[in-house]
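>>> 3D model of this:
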Amino acid sequence: FRVDGGLAAITNTGTFTVVGSQASTGTVAVTSGTLVYSVGSSDCAMAICEGGLLELTGGTMTTPPPMPKKLPGLVKLLTKNVPEYYKPAVASAVFPALGTHLHGVRFRYVDNVEHEATFMNLLVGCQSVGKGCIKKPIEFIMDDIRKRDEPMRRREAEWKRLNPAGKTKAKDPRPPDICIQMLIDNLTDAVFNQRVVDAHNNGERFVYTLVDEVEALRKVTSRGSVDEVTLLIRKAFDNSLHGQERVGADSVSGIAPLRWNWNASTTPPNARRFFSRAVNDGTVSRLDVCSIFKEENTSTAIPKMGIYDDQFALELKSFNDHLDCANGHIECPQANELAEVLVRECDSTADQMESEAFRTLSHRGVVIAWLKGLVLYISEGYRWTPEIADFMRWSLQYNMWCKMLYFGQQLEREMTEEHSIQSQSGPQNLLHNLPGEFSKEEYYQMRTRCGKTGKGDSTLRVWMSRGYVEWDEIAGRYINKKKSSI
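Residues are numbered from 1 along each chain as shown. Got it, this is the predicted structure:
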């Protein structure tokens, strides 16, 4: 197997030697179906699964990779009030709200494609596991935006009162500085598009949605379909143009880049059912998936949360202020360097697993982790720390672990079918596949290789009647006139 990019062979004494640019030795053991190896002070694990070996540092087949012991300041603050088994979910789920604070900020990925802080987080967990643990941190993160939205809603309501739909006189123009970022989960296409255009015209800002159940995302548009939601997800991740054009003077018209961050929760069966038609079209790969895993020996007592008070809000404000003040094109060489390392690591892991599904999901998985690293970099006052690097790596591993758990098998099946279709050839000339001379048995074998059914004796008679082939009675073989004329 591979360790740190080198090849390792296990000896009969339970040790191995890594042969590579940095040779090292270690020990190995199998515990509860998991191959656990140690190199120096680093403990790693490879979960034995159907596709091969999935290397997840510190993880197992039943539990995701644990969070780093030392966290970036912002993540440490936002997770401090929840029990240990809720921390990974909270640490992942806060980024859509944090990204909504950025406006007019762009980052250039290692492939020179520009990205913005787009995060769409799906929390998957069993019923009554405590998925509501993410709400309080998000509420405090979004508090300043919510307060800024309130007078905007009143101004919009007043404008509507003074300019009703049936007004015969010329309507007052809608105030151009109205910008409402927090969206409810019951909208029409016109309202959603208006909010997106307003946010773009007032500082290239994001709109944000928080729903208790992923099914509620269907209500953000008039159509109410899953297909429409998955299309919006793909457009939002790429910040593609979105909107509508109408002729009527009273109709909402406008097109702008779609900047939409959201949080949604659901159960494992509902997650698979909702995205059942969107696993292999790029939708799931654009999500940041997290979950809540309680160990079997976890107490059944009511989980106790910490207090979110004015002191918490004050500590959070300093981080939010850094995000609110950011603007323009921001670069962080350390984040880009780490992203390239993570791409190589994911490629190596996909080889070990023999999993093209993992490889495919990892491409955007690295981008999402890279964006998280950049948001933390800004929140720390443009300071890169080892804690941010560790968190960025863990975030990728955690996201990939959850995606493979809930969607990996379906994606593997669909990609295998896709490859099977792509590997098939187009229309084939059967005569060109036959040699200059051939027997009837060779003709039957060629038909089978080309996927034809039946013996095809009638086709052979048609060829003879049209002079494509001749029967050589002396040799007892057919003569392919098409080949002999070349």
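>>> Listing request: residues of the chain with sub-threshold pLDDT.
Counting by pLDDT under 70, the chain contains low-confidence residues at 1-60, 167-168, 170, 246-251, 296-300, 423-426, 484-486.
>>> ok, and what's touching whatever helix or strand His200 lives in?
Element membership of His200, judged by DSSP states H and E, is helix 189-201. With contacts defined as CB atoms under 8 Å, 6 or more residues apart in numbering, helix 189-201 is touched by 176, 178-181, 183, 187, 205-207, 220-223, 242-244, 251-252, 254-260. Quick note: C-beta positions are derived from backbone N, CA and C, even for glycine.
>>> how far does it sit from the chain's center?
The chain centroid and the centroid of helix 189-201 are separated by 25 Å, computed with CA atoms, centre = their mean, to the nearest Å.
>>> Equivalent analysis for stretch 140-153, please.
29 Å.
>>> Can you mark which positions in it are buried?
Burial within stretch 140-153, assessed by neighbour count using 16 or more other CB atoms under 10 Å, is assigned to Phe140, Ile141, Met142, Asp144, Ile145, Asp149, Met152.
>>> wait, the last one sits on Pro175?
No - in this structure Met152 lies outside contact range of Pro175 using CB atoms under 8 Å: 9.0 Å.
>>> So Val284 is in contact with Gly365, correct?
No - because the distance of 10.5 Å does not satisfy CB under 8 Å, Val284 is recorded as not touching Gly365.
>>> With adjacent residues omitted, what lies nearest to Asp143?
Nearest non-adjacent residue to Asp143, counting by CB to CB, 6 or more residues apart in numbering: Ala313, 7.0 Å away.
>>> How many residues are close by the one you found?
Using other CB atoms under 10 Å, Ala313 is surrounded by 14 other residues.
>>> would a markdown table of the buried residues of stretch 140-153 with distance to Leu77 and secondary structure be doable?
A markdown table is the format used below for these (distance: CB to CB, whole Å; DSSP: H, G, I helix; E, B strand; the rest coil):
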| residue | distance to Leu77 | secondary structure |
| --- | --- | --- |
| Phe140 | 10 | helix |
| Ile141 | 10 | helix |
| Met142 | 15 | coil |
| Asp144 | 16 | helix |
| Ile145 | 18 | helix |
| Asp149 | 24 | helix |
| Met152 | 28 | helix |
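>>> Format these as a markdown table; extra columns: distance to Ser355.
Formatted as a markdown table, the buried residues of stretch 140-153 follow (distance: CB to CB, whole Å):
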| residue | distance to Ser355 |
| --- | --- |
| Phe140 | 39 |
| Ile141 | 35 |
| Met142 | 37 |
| Asp144 | 43 |
| Ile145 | 40 |
| Asp149 | 44 |
| Met152 | 47 |
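>>> now, which of the residues you listed sits nearest Leu371?
Checking those against Leu371 with CB to CB, the nearest one is Ile141 at 16.2 Å.
>>> Tell me who's in contact with the closest one.
The neighbours of Ile141, taking CB under 8 Å, 6+ apart as the test, are Leu78, Val94, Ala97, Leu98, His101, Leu316, Asn320.
>>> and the gap between it and Val220?
With distances defined as CB to CB, to the nearest Å, the gap from Ile141 to Val220 amounts to 20 Å.
>>> Ile292 too?
With distances defined as CB to CB, the gap from Ile292 to Val220 amounts to 25 Å.
>>> Between these two, tell me which one has more neighbours.
Under the neighbour definition other CB under 10 Å, Ile292 and Val220 were set side by side, and Val220 has more, 26 against 20.
>>> what sits against that one?
Contacts for Val220 were tallied using CB under 8 Å, 6+ apart; they are Leu183, Asp185, Leu187, Phe192, Thr209, Val229, Leu232.
>>> ok, 7 Å please
Leu183, Asp185, Leu187, Phe192, Thr209 (CB atoms under 7 Å, 6 or more residues apart in numbering).
>>> Which one (most neighbours) among those?
Of all those, the highest neighbour tally under other CB under 10 Å goes to Phe192, namely 24 neighbours.
>>> measure that one to His432 for me?
Remark: distance between Phe192 and His432 (CB to CB) = 56 Å.
>>> what does Trp471 give?
If you measure Trp471 against His432 using CB to CB, the figure is 20 Å.
>>> For Asn280, which non-adjacent residue is spatially closest?
For Asn280, ignoring the flanking residues on the chain, the nearest one in space by CB to CB, 6+ apart is Glu414 at 4.2 Å.
>>> what's the burial count for that neighbour?
The tally of other residues near Glu414 (other CB under 10 Å) stands at 14.
>>> and if you look at Lys70?
Residue neighbour count, defined by other CB under 10 Å, stands at 11 for Lys70.
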